[in-house]
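# Quick one, fold the following:
(2 chains)
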Amino acid sequence: MQDEPTPTELIKAVADFLRNEIAPEIKGHNAFKLRVGINALDLVTRQLALEQGSDAAEAERLKQLLGADGSLVELNRALSEKIANGEVDLQTPGLAEHLWQTTMDKLAVDQPNYASYKRELGNK
Amino acid sequence: MIEDQLGRCVASWYPGATGVTGAAKLSGGASQETWTFDIVHPNGDVGAILRRAPPGYGASPGRAAGLDAEATLMQLAHDTGLPSPRVMHVLKPEDELGRGFIMQRIEGETIARKILRDEQFTKARPLLAWQLGRVIAGIHGLPAAKLPKLREMSATTEIADLEREYRSFNWPRPVFELALRWLREHDPGPSREVTLVHGDFRHGNLIIGPDGVRAVLDWELAHFGDPMEDLGWICVNSWRFGEIDKPVGGFGTREELFAGYEEAGRSVDADRVMFWEVMGTLRWGIMCCGMMQRFRQGPDHSMERAMIGRRSSETEIDLLRLLAPRGG
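Next up, the predicted model:
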């Protein structure tokens, strides 16, 4: 068992240092790059917090939809093939809900400030 | 030093020019660069832009029209009265600067967030969608006889292109799969009219001033095809920068865009525009995945590329909003 602090705590401490202490000192193109870097660290902390739960739920839905088991990539590949060859479509019970939930879970990690995501959170 | 080479080059065709100053690289990867600089002249310095493939880089890859074609198109647009910089010089081998061209620098803003929020654009914003409609109409109406050789793309070939690129990533994405299927099922077939298509008409490639659009840049993806493609591309949600209820670049409505286009004597097929909006949304998503791929395979191992890869999910939610909307 690894020691503390956790990866999440360490990344958050680094991101906060860069955001609060370093960013105000940096100008020009490097300021832009620094913001991208801080965004990346924030994304990673969100993924560490949310990934396990959303992956488990996604796998569960995929097993239901496909009646098959496998890794997440294998299940997604199988679903993709069924969509491509027309075996399932938006009329298939559960497909639209599955795609929406999976996509919302991705946005919660990737870009929770994206306007379409915020709109859909409100519409749920 | 590029300033010395540029100075020698400029002196060969600009009467009275004594050199150049302030050369700075604006953007670009290894094979295509954009530089800004000032031509030093006794009557006052002149702002200029160099767009080039540095020496050693051959023809541009894949979908690109090529720098010679870009220069021809921009000059033609300028001569026709469209907002476009004047092309000052097409590079020759003896310039030793690679391939490309030098154009007049036009002052204004290209950054979408500033155009959508800054006060100096308050008067321009309500006019832009209509103005852009007129400009796109002008591009589609450029005299065919004077156009350079360009590839021709139809909806069908574009779908096949996208699918090939998506499959090359070998990373299953059910939402993209759904969009590809929708596109195949809704392929409108050959366009009644094939025209020049700008191919990348959106924020970042438009210079905007307080008075409105001043220049259309970056003709790299120009081709012959369905004119409705340009109208659909500017409506893609990725260019609305948070203003999701204003489909045209976050500043206007489709109706305003279409009105500008039709007042310039052309006609709109709204269903085709919607088809190209879906195609454009998927195209941007696949382009984001391509950035991730290039980040992973190098040589450009930058954070920006890596993070753009994670923006493909934005296009997935936008595709679902278009193809499987939930009750509001």
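
# how many other residues sit next to the nearest residue to B:Gly209 once chain neighbours are set aside?
Leaving aside its chain neighbours, B:Gly209 sits nearest to B:Gly108 (4.3 Å; criterion: C-beta to C-beta, 6 or more residues apart in numbering or on different chains). For the C-beta atoms, the positions are set from N, CA and C on the backbone; glycine is no exception. Each residue near B:Gly108 was counted by other C-beta atoms under 10 Å in any protein chain shown, and the total is 18.

# thinking B:Gly108 is in contact with B:Asp211, fair?
No: at 9.2 Å, B:Gly108 and B:Asp211 do not qualify as touching, with contact defined as C-beta atoms under 8 Å.

# How about the residue most central in space within chain B: what's its closest non-neighbour residue?
The centre of chain B sits closest to B:Asp200, judged by C-alpha atoms, centre = their mean, with a distance of 3.0 Å. Excluding the flanking residues, the one nearest B:Asp200 by C-beta to C-beta, 6+ apart is B:Leu221, at 4.5 Å.

# For that neighbour, give me its contacts.
B:63-65, B:198-200 (C-beta atoms under 8 Å, 6 or more residues apart in numbering or on different chains).

# Give the other helices and strands that the longest helix belonging to chain B contacts.
Secondary structure of chain B per DSSP state H: the longest helix is helix B:270-297. When contacts are defined as 3 or more C-beta pairs under 8 Å, 6 or more residues apart in numbering or on different chains; DSSP states H and E, helix B:270-297 packs onto helix B:155-169, helix B:174-186, helix B:228-233, helix B:254-263, helix B:303-309, helix B:312-323.

# Distance from that helix to the middle of the chain?
How far helix B:270-297 lies from its chain's middle: 14 Å, per C-alpha atoms, centre = their mean, to the nearest Å.

# Enumerate the residues of chain B near chain A.
Neighbours of chain A within chain B, by C-beta under 8 Å from any C-beta of the partner chain: B:172-175, B:177-178, B:180-181, B:237, B:240, B:242-244, B:303-304, B:306-307, B:310-311, B:313-314, B:316-318, B:320-321, B:323-324, B:326-328.

# Derive a PyMOL selection command for the buried subset of these.
To isolate the buried ones among these in PyMOL, judged by 16 or more other C-beta atoms under 10 Å in any protein chain shown, type:
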select buried, chain B and resi 172+173+174+175+177+178+180+181+237+240+242+243+244+306+307+310+311+313+314+316+317+318+320+321+323+324
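
# sorry, back to before: phi, psi of the residue nearest to B:Asp200?
Torsion angles at B:Leu221 (phi, psi; degrees, to the nearest 10) stand at phi -100, psi 20.

# where's it relative to B:Gly66, distance?
Separation of B:Leu221 from B:Gly66 (C-beta to C-beta, to the nearest Å) stands at 11 Å.

# cool, B:Gly199 as well?
Distance from B:Gly199 to B:Gly66, by C-beta to C-beta: 13 Å.

# cool, and A:Glu120?
41 Å.

# Repeat that for B:Leu132.
B:Leu132 sits 25 Å away from B:Gly66, going by C-beta to C-beta.

# who has more neighbours, the two?
A direct count of neighbours by other C-beta under 10 Å for B:Leu132 and B:Gly66 places B:Leu132 higher, at 29 against 18.

# surely the more buried one meets B:Val248?
Yes: in this structure, B:Leu132 is within contact of B:Val248 by C-beta under 8 Å, at 6.8 Å.

# Touching both of these two, which residues are there?
Shared contacts of B:Leu132 and B:Val248 (C-beta under 8 Å, 6+ apart): B:234, B:257.

# Longest helix of chain A, counting residues only.
Chain A, longest helix under DSSP H: helix A:28-66.

# quick one, it and helix B:174-186 angle?
Relative orientation of helix A:28-66 and helix B:174-186, computed by axes from the mean of the first three to the mean of the last three C-alpha atoms, to 10 degrees: 80 degrees.

# pLDDT below threshold where in the chain?
Just going to use chain A. For chain A, the stretches with pLDDT under 70 are A:124.

# wait, I meant chain B there
Ranges of chain B meeting pLDDT under 70: B:28-31, B:57-62, B:328.

# pretty sure B:Asp38 is in a strand, no?
Yes: per DSSP: H, G, I helix; E, B strand; the rest coil, B:Asp38 lies within a strand segment.
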